[in-house]
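Novice: just to be clear, the model below is a prediction. Sequence and coordinates:
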Amino acid sequence: MPTLPNPPQQQTSAAPKQESITGVVERLTYYSQESGYTIARLQRPGAKELTTITGNFANIQAGQTLQLTGFWREHPQYGPQFQVISYKETKPATITGIEKYLGSGLIKGVGLVTAKRIVAHFGTETLEIIETQIERLSEVQGIAKKRIKMIQSAWEKQKAIKEVMVFLQTHGVSTTYAVKIYKHYGDKAIETVTYNPYQLATDIYGIGFLTADKIARNLGVPTDSEFRYSAGMTHVLSEAAEDGHCYLPQPELIQQVMEKLKTDDHQPKEDALTTIIQNMTLNNELIRECAEDKTLLCYKPTFFHTEQNLAQEIKQRLARPINPDIERVSSWIQRFTASRKIQLSEQQQEAVENAAYSRVMILTGGPGCGKTFVTRTIVELWKAMGKTIALAAPTGRAAQRLAEMTGLEAKTVHRLLEFDPKTRSFKRDRNSPLPQAAIIVDEASMLDLFLAYSLVEAVCENAQILFVGDIDQLPSVSPGQVLADLINSHRVPVVRLTQVFRQAQTSAIITAAHQINHGQYPRIEPISNTPTADCLWHGGGYEPEHGVQAICELIEQFIPSLGFNPSTDVQILTPMARGLVGTRNLNRVLQQLINPPRPEKVEITRGDLILRTGDRVIQLTNDYQREVFNGDVGFITNIDKEEQEVTIQYNERDVVYDYPDLNEITLAFATTIHKSQGSEYPVVILPMYTQHYMMLSRNLLYTGLTRAKKLAIIIGSQKAIGMAVRSVNQQQRYTQLQQKLIQTSLT
């Protein structure tokens, strides 16, 4: 093999020097009502030319005199600009400045003509008069009492905005979040934040518990405050949900909260937290359920009700059987297979027949077992039965593949259910169900608790649902393990395809995947310059730093030699975000290797993240407004520094992000295996090291390997691969859907 290259080093630059400037806002070039992001022109004392300023402002108008703190930067097209970090307003000192300030539209009821009259009458005392003796405006010709009340109301509103901004910034809240807080709470912002700063973590996206806790400490909220303890409970349950749990057992919840809320001078007591849980239960902020072993299980209310309602929906559907003409179905299958010159295995025949009379059914199986073939046959059967059919999958890529294999339109589940960003709810529900008589959902292992319930609820009560998915893959990124719970309940009809067909047996990827599934160490061909298999092993040394070097070597030399494009065809999938072979470090290294900086490529820095045109990025959360969802991968096609916008192309659709919303994305040259669910890539590289022992499991390795369409390369130690193969269900999720399905009563 060629000599391993040293991994590229991330370029760093010194933090820009902060300074303060003062001036009068001459005009606004751009202002976003939503985020407060502003581009404006400032007249500085003694300066011949206007200064461009950019930043987030709660409310900004021409004529305002501002004292700004920030730093200078050079825009490649528009020249020097002052990036504002914080600001405060000062009263304009000159008569001209006061006229411009009042006539800027800042105060409803005062235009430029009226402003000139007022200033001509009161001179430099104008603002003081408005502040303390506003009734004296009646001295100015043409200003009636009704107009004075209008001016007074507008003045008080502007004053409230200023007070809120000063208050929030004094207590460590950045300008960006201060704008969001004011937009949400309005004049009650100070009251809300002072009374219970932890409410911010619930109401304001981007402000988590830790930020709210810091604000609370600045405000002097005691460390044993009930607000803090309650927020801590909610925070720990939210973190558990991020790990896929629908609830936590009460002892585990208390233990985690004690650890999370302890400080140098405070350790929460178990009795006090137990009391908080009891109070939250009484206030319907928590729901507790008693497990079979008498352990109390603590749910957020939405999780409990959704889990319970999903079980009820499934049981009610199963209670309404379908009675088709079985002989007619069998006859159709014989004619169909004969006309296509195909033959169904016994398992495949069972699946197609079951689809004819099952209200709810699951089709599962690994790669090469014919799930796609069976799904296509079921579609043809349902069409022959005169049924209207809807096809859906949790992600855009999975929906696209489903459409390609069936020849019918397929949508994401969100689009099928017609999500409305304004109401943040689906238009399709129990009261407005889907019109189709049969629904197929592919990649069903990715369905989380909430999406599964929204889907099942929206299916017409007389319709059929077919869930297609690989039970051996990782469960959903979000809470729940719906497909596994449905199967393990033994209440829902399941057909599991296990026979690997001859044409699939030639694939080393498929063979290795099934070996992993059976707890066997996979047979993987060592890498060479002339590979003969599609599943390869590259030792890459036993230390992660050697793995980074090996990945760079593969990207630069080996993979291009096979005709693949590293920038579009290759995906590195790793168990974790942290560490040398975690996503964070690998993305920095691979960005420099695959999409290095060039003069023609615009780039910006957000915290410790550099984004530039050409970068591959991944969406980190569901953004219903933009219709981009957790796990969607796209490419940055444009960065507009003047408008502070980034354009990302997802499946040939352009989506525009404002700078404040860029915390929704990150680089995706390397992603976690969890994030790759529902996707396929021509080439997958899997780093497997013992440093990831906490995450290594059989279904993790299996899921990562089966994302590869043409070539899979595993890098790392054989010991780590063995650890993954031997580890089954190492991270069991807390769900009760299976138990609720087993319960016989229908309520």
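Specialist: Perfect, I can see it now.
Novice: quick check: Leu200 vs Leu282, distance?
Specialist: In this view, Leu200 and Leu282 are 24 Å apart by CB to CB, to the nearest Å. All C-beta atoms are positioned from the backbone trio N, CA, C, and that covers glycine.
Novice: so the two - more neighbours on which side?
Specialist: Neighbour count, other CB atoms under 10 Å: between Leu200 and Leu282, Leu200 has more, with 27 against 9.
Novice: tell me how far the host helix or strand of that one lies from the chain's centre.
Specialist: If you go by DSSP states H and E, Leu200 is part of helix 199-203. Remark: helix 199-203 is offset 18 Å from the chain centroid, using CA atoms, centre = their mean, to the nearest Å.
Novice: ok, now stretch 60-80?
Specialist: Mean-position distance between stretch 60-80 and its chain equals 32 Å (CA atoms, centre = their mean).
Novice: alpha carbons of it, in PDB - could you do that?
Specialist: Extracted C-alpha coordinates of stretch 60-80, given in PDB (Å, rounded to 0.1, in the frame of the first residue of the first chain):
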ATOM      1  CA  ILE A  60     -34.000  49.400  14.800                       C
ATOM      2  CA  GLN A  61     -35.000  52.500  12.900                       C
ATOM      3  CA  ALA A  62     -33.300  55.200  10.900                       C
ATOM      4  CA  GLY A  63     -32.400  58.200  13.100                       C
ATOM      5  CA  GLN A  64     -31.500  56.100  16.200                       C
ATOM      6  CA  THR A  65     -28.200  57.000  17.800                       C
ATOM      7  CA  LEU A  66     -26.500  53.700  18.800                       C
ATOM      8  CA  GLN A  67     -23.400  52.700  20.700                       C
ATOM      9  CA  LEU A  68     -22.300  49.400  19.200                       C
ATOM     10  CA  THR A  69     -19.800  46.800  20.300                       C
ATOM     11  CA  GLY A  70     -18.400  44.300  17.800                       C
ATOM     12  CA  PHE A  71     -15.600  43.700  15.300                       C
ATOM     13  CA  TRP A  72     -14.600  44.600  11.800                       C
ATOM     14  CA  ARG A  73     -14.600  42.200   9.000                       C
ATOM     15  CA  GLU A  74     -13.900  42.400   5.200                       C
ATOM     16  CA  HIS A  75     -16.700  41.400   2.800                       C
ATOM     17  CA  PRO A  76     -15.300  40.200  -0.500                       C
ATOM     18  CA  GLN A  77     -17.900  42.200  -2.500                       C
ATOM     19  CA  TYR A  78     -19.100  45.000  -0.200                       C
ATOM     20  CA  GLY A  79     -15.900  45.900   1.700                       C
ATOM     21  CA  PRO A  80     -15.500  46.500   5.400                       C
END
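Novice: please point out which parts of stretch 690-698 sit buried.
Specialist: 690-692, 695-698 (16 or more other CB atoms under 10 Å).
Novice: again, but for stretch 323-334
Specialist: For stretch 323-334, by 16+ other CB under 10 Å, it's 329, 332-333.
Novice: stretch 284-295: end-to-end distance?
Specialist: Chord length of stretch 284-295, first to last residue, is 19 Å (CA to CA, to the nearest Å).
Novice: for that stretch, buried residues please.
Specialist: For stretch 284-295, using 16+ other CB under 10 Å, the buried residues are 286-287, 289.
Novice: hmm, who's touching it?
Specialist: 230, 233-234, 247, 249-251, 277, 280-281, 296-301, 304-305, 736, 739 (CB atoms under 8 Å, 6 or more residues apart in numbering).
Novice: which helix runs longest in the protein?
Specialist: For the chain, the longest helix by residue count, based on DSSP state H, is helix 145-170.
Novice: helices or strands next to that helix in the packing?
Specialist: Judged by 3 or more CB pairs under 8 Å, 6 or more residues apart in numbering; DSSP states H and E, helix 145-170 is in contact with strand 79-90, helix 126-132, helix 175-185, helix 189-195.
Novice: gap between the first one and the chain center?
Specialist: Strand 79-90 sits 31 Å away from the centroid of its parent chain (CA atoms, centre = their mean).
Novice: Val140 reaches Val119, doesn't it?
Specialist: No - contact criterion CB atoms under 8 Å: Val140 and Val119 do not qualify, at 9.6 Å.
Novice: more neighbours: which of those two?
Specialist: Using other CB under 10 Å, the more surrounded residue of Val140 and Val119 is Val119, with 23 against 17.
Novice: just give the number of residues close to Ser345.
Specialist: Ser345 has 16 nearby residues by other CB under 10 Å.
Novice: what's near enough to touch it?
Specialist: Here Ser345 is in contact with 370, 497, 499 (CB under 8 Å, 6+ apart).
Novice: separation between the first one and Met405?
Specialist: From Gly370 across to Met405, the span is 12 Å (CB to CB).
Novice: repeat that for the last one.
Specialist: Computed as CB to CB, the Gln499 to Met405 distance reads 19 Å.
Novice: the more surrounded of the two?
Specialist: Using other CB under 10 Å, the more surrounded residue of Gln499 and Met405 is Met405, with 17 against 14.
Novice: find the nearest non-adjacent residue to the more buried one, please.
Specialist: Leaving aside its chain neighbours, Met405 sits nearest to Thr372 (5.0 Å; criterion: CB to CB, 6 or more residues apart in numbering).
Novice: in which helix or strand does that neighbour reside?
Specialist: Taking DSSP H and E as the definition, Thr372 sits inside helix 371-384.
Novice: so which elements touch that helix?
Specialist: Contacts defined by 3+ CB pairs under 8 Å, 6+ apart place helix 371-384 against helix 326-340, helix 346-357, strand 360-365, strand 389-393, helix 396-406, strand 438-441, strand 464-469.
Novice: TSV for those, including distance to Glu664?
Specialist: Converted to TSV, those look like this (distance: least, CB to CB, whole Å):
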stretch	distance to Glu664
helix 326-340	46
helix 346-357	39
strand 360-365	33
strand 389-393	22
helix 396-406	16
strand 438-441	26
strand 464-469	27
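Novice: Gln255 is nearest to which of those?
Specialist: Of all these, it is strand 464-469 that lies closest to Gln255, at 34.1 Å by CB to CB.
Novice: chain center to that closest one: distance?
Specialist: Chain-centre distance of strand 464-469: 25 Å, with CA atoms, centre = their mean.
Novice: so which elements touch the next helix or strand after it?
Specialist: Sequence-wise, the next helix or strand downstream of strand 464-469 (DSSP H and E) is helix 482-488. Helix 482-488 sits against strand 360-365, strand 464-469, helix 737-742, with contacts defined as 3+ CB pairs under 8 Å, 6+ apart.
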